[in-house]
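[1] model this:
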Amino acid sequence: MDPLAEAALAGAGPEELGRIPVPEEYPAVHLRVEDVDMFAGQDQDERDVRKSLHLGRVPMPELAPDEVLIAVMSSAMNYNTVWSAMFLPVPTFAFLRHFGKQGGWAARHDQPHHVLGSDAAGVVVRVGSGVRRWKVGDHVVVSASYVDDQDPATHSDGMLDADQRAWGFETNFGSLAHYAVARANQLLPKPAHLTWEEAASNLLCGGTAYRMLVSHRGAQIKQGDVVLIWGATGGLGAYAAQLVRNGGGIAVGVVGGESKVEAARRLGCEVVINREEIGLGGSTDQAEAGKRLGRAIRGAVGEDPHVVFEHVGRATFGISVFVVRRGGVVVTCGSSTGYRHEYDNRYLWMKLKRVIGSHGANLQEMAEFNRLVALGRVQSALNEVFPLEESAEAARLVQTNRHVGKIAVLGLAPHAGLGVTDPELRARIGETSVAPLRAVATARG
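    Numbering: from 1, shown residues only. So this is what the prediction gives:
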């Protein structure tokens, strides 16, 4: 570990951190441009991400005026890292080349290596000359929403910025590393009662779920709404369930096996449906599958869902359109099983249903969600912690859906449990309640 990293880990003050030189290289999980064709001709399920993810030293980039350098204590695994490592739907080096063509500071991103990772918690160790709100030594978490604050649309909604990108996916210098480079407008204060790995697990999935369900740009759930949550124990679903519960709604979680039922209940699902038990696994008849699912929901809560929280994509989207009630909303933010969806449009137009596309969250939405976490109103969905050296194995678990909640990846933190600066709040919440999924064992089947 280099001297600057050691000082950040030891809690050194801003003056000491500022005196220690920034290393010229640092360890990072990355892709290599020469590997982009390694899975040529293989289907999505055949592309083992452990073959394409590498841990090695990469050059330290120069800092732009509006950026900060973060000593990453912990990151977290997200599905965009899986897409990147499968080189689907296109190799992410295409994103880096396109970004680099802007010239100026953007040119740094076009490298023969792509450092991945879109969630982070750590310590600011350098600030650019134009940074005002953050200083060296601050403990921060990082939003993945990478927006241009000089674009007029950003000042209405950062996600409408024509140049908006996902940090560590469509940009370089992400968080699966000892250091990460982020814009100052991506930062929020780290919740003081959480460990590094608990804090690193929240923003991307939690902020996305907040925009989808709570924000006026999403479904705007209200008390009593029945909300169907696909993948209720995954990263997105784990926060969706909590937000529905906290908002007075009725969370109906769909999970992929009996081993995940208890986890969904811990997160706040009043009803948990094992998709295997009602024949939803691989069904091609969407209407029949939707009827079975609808009967199960009505049998449990007496009515059809007002909202469907959709991110699975091809395998579930048609069922979602079918099962949501007349006038209901399907809100979607992703397609982990495939981007091309098929559904019967009669159920959409004739029953006055709506589909809302949602992507990430703007900084205000991220801040509102992070406040709930900092107050202890929303808990970390962390389930497992991996060292940086095992990032590829962590990504493989997410790729094969053999995980529960969020998987954290330690950066500079030598072990889990570090980083708490408000032990009193942690004690009031309760050690077992801060990250309720930590006690849930995952069946690897």
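[2] hang on, A315 in a strand?
    No - counting by DSSP: H, G, I helix; E, B strand; the rest coil, A315 is located in no strand; its state is coil.
[3] And it, how far from L437?
    With the distance defined as C-beta to C-beta, to the nearest Å, A315 ends up 24 Å from L437. For glycine as for every other residue, the C-beta is placed from the backbone atoms N, C-alpha and C.
[4] Give me the more crowded residue out of the two.
    Here A315 and L437 are compared on neighbour count by other C-beta atoms under 10 Å; more neighbours surround L437, at 22 against 19.
[5] Could you verify that that one is part of a strand?
    No - residue assignment for L437, taken from three-state DSSP, gives helix, which places it outside any strand.
[6] contacting residues for it?
    When the contact criterion is C-beta atoms under 8 Å, 6 or more residues apart in numbering, the partners of L437 are 233, 238, 263, 266-267, 381-383, 404-406.
[7] again, 10 Å this time
    L437 makes contacts with 201, 233, 238, 262-263, 266-267, 379-384, 404-406, as judged by C-beta atoms under 10 Å, 6 or more residues apart in numbering.
[8] now swap in E34 and tell me
    Contacts of E34 (C-beta under 10 Å, 6+ apart): 112-113.
[9] Doesn't it belong to a helix?
    Yes - secondary structure of E34, determined by three-state DSSP: located in a helix.
[10] if I look at it, how far off is V58?
    Applying C-beta to C-beta, the value for E34 to V58 is 15 Å.
[11] picking that back up, and which of the contacts of L437 is nearest S215?
    The shortest distance between S215 and any of the contacts of L437, using C-beta to C-beta, involves A238 and amounts to 18.3 Å.
[12] Assumed that closest one was part of a helix.
    Yes - counting by three-state DSSP, A238 is located in a helix.
[13] For R50, grab the count of nearby residues.
    Neighbours of R50 under the rule other C-beta under 10 Å: 14.
[14] er, E390 actually
    When neighbours are counted by other C-beta under 10 Å, E390 registers 15.
[15] avg pLDDT for the helix ranked longest in the chain?
    Ranked by number of residues, the top helix in the chain under DSSP state H is helix 286-301. Here the mean pLDDT over helix 286-301 is 93, rounded to a whole number.
[16] just checking, next helix/strand downstream of it?
    Next in sequence after helix 286-301, counting helices and strands by DSSP states H and E, comes strand 307-310.
[17] Give me the helices and strands touching that next one, please.
    In terms of contacts (3 or more C-beta pairs under 10 Å, 6 or more residues apart in numbering; DSSP states H and E), strand 307-310 is packed against helix 203-213, strand 226-230, helix 235-246, strand 250-255, helix 317-323, strand 329-332, strand 354-357.
[18] With mean pLDDT and mean neighbour count as added columns, please give these in a markdown table.
    What follows is the helices and strands packed on strand 307-310, written out as a markdown table (pLDDT from 0 to 100; neighbours: other C-beta atoms under 10 Å):
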| stretch | mean pLDDT | mean neighbour count |
| --- | --- | --- |
| helix 203-213 | 97 | 28 |
| strand 226-230 | 97 | 29 |
| helix 235-246 | 96 | 28 |
| strand 250-255 | 96 | 27 |
| helix 317-323 | 95 | 25 |
| strand 329-332 | 98 | 24 |
| strand 354-357 | 96 | 14 |
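[19] By residue count, what's the longest strand in this protein?
    Secondary structure of the chain per DSSP state E: the longest strand is strand 67-76.
[20] Direction included, what does that one pair against?
    Strand 67-76 has the following sheet partners, assigned by DSSP bridges: strand 120-127 (antiparallel), strand 179-183 (antiparallel), strand 406-410 (antiparallel).
[21] what about those strands, which gets the closest to F173?
    Between F173 and those, the tightest spacing by C-beta to C-beta is seen for strand 179-183, at 4.0 Å.
[22] Tell me how many other residues surround E46.
    Number of residues near E46 (other C-beta under 10 Å) recorded here: 9.
[23] no, scratch that, I was asking about V36
    Under the neighbour criterion other C-beta under 10 Å, V36 is assigned a count of 16.
[24] Confirm for me that it is in contact with P91.
    Yes - in terms of C-beta atoms under 10 Å, V36 counts as a neighbour of P91; the distance is 4.2 Å.
[25] which parts of stretch 330-350 are buried?
    Buried residues in stretch 330-350, counting neighbours by 16 or more other C-beta atoms under 10 Å, are found at 330-336, 341, 343, 347-348.
[26] Could you export it as CSV, CA atoms only?
    C-alpha atoms of stretch 330-350 as CSV (Å, rounded to 0.1, in the frame of the first residue of the first chain):
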residue,chain,number,x,y,z
VAL,A,330,-44.9,-0.2,-15.0
VAL,A,331,-41.7,1.6,-14.2
THR,A,332,-38.5,0.2,-15.8
CYS,A,333,-34.8,1.0,-15.4
GLY,A,334,-33.1,-2.0,-17.0
SER,A,335,-33.1,-5.3,-18.8
SER,A,336,-30.7,-7.8,-17.2
THR,A,337,-32.3,-10.7,-19.2
GLY,A,338,-32.3,-8.9,-22.5
TYR,A,339,-33.2,-5.5,-24.0
ARG,A,340,-35.7,-6.5,-26.7
HIS,A,341,-39.1,-6.9,-25.0
GLU,A,342,-42.3,-8.4,-26.3
TYR,A,343,-45.8,-7.7,-24.9
ASP,A,344,-49.4,-7.6,-26.0
ASN,A,345,-50.1,-3.9,-26.6
ARG,A,346,-53.9,-4.4,-26.1
TYR,A,347,-53.3,-4.8,-22.4
LEU,A,348,-51.5,-1.4,-22.3
TRP,A,349,-53.7,0.8,-24.4
MET,A,350,-57.2,-0.7,-23.7
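[27] The chain should start at 192 in everything you say after this.
    Okay, residue one is now 192; in that scheme the one you just asked about reads as stretch 521-541.
[28] tell me how far it is from the chain's mean position?
    Mean-position distance between stretch 521-541 and its chain equals 21 Å (C-alpha atoms, centre = their mean, to the nearest Å).
[29] again, but for stretch 597-608
    Per C-alpha atoms, centre = their mean, the displacement of stretch 597-608 from the mean C-alpha position of its chain is 16 Å.
[30] before we move on, what about stretch 260-278?
    In this view, stretch 260-278 has its centroid 9 Å away from the chain centroid, taken as C-alpha atoms, centre = their mean.
[31] Pull out the buried residues from that stretch.
    So stretch 260-278, judged by 16+ other C-beta under 10 Å, has buried residues 260-278.
[32] How about stretch 493-505?
    Applying a neighbour-count criterion of 16+ other C-beta under 10 Å, the buried positions in stretch 493-505 are 495-504.
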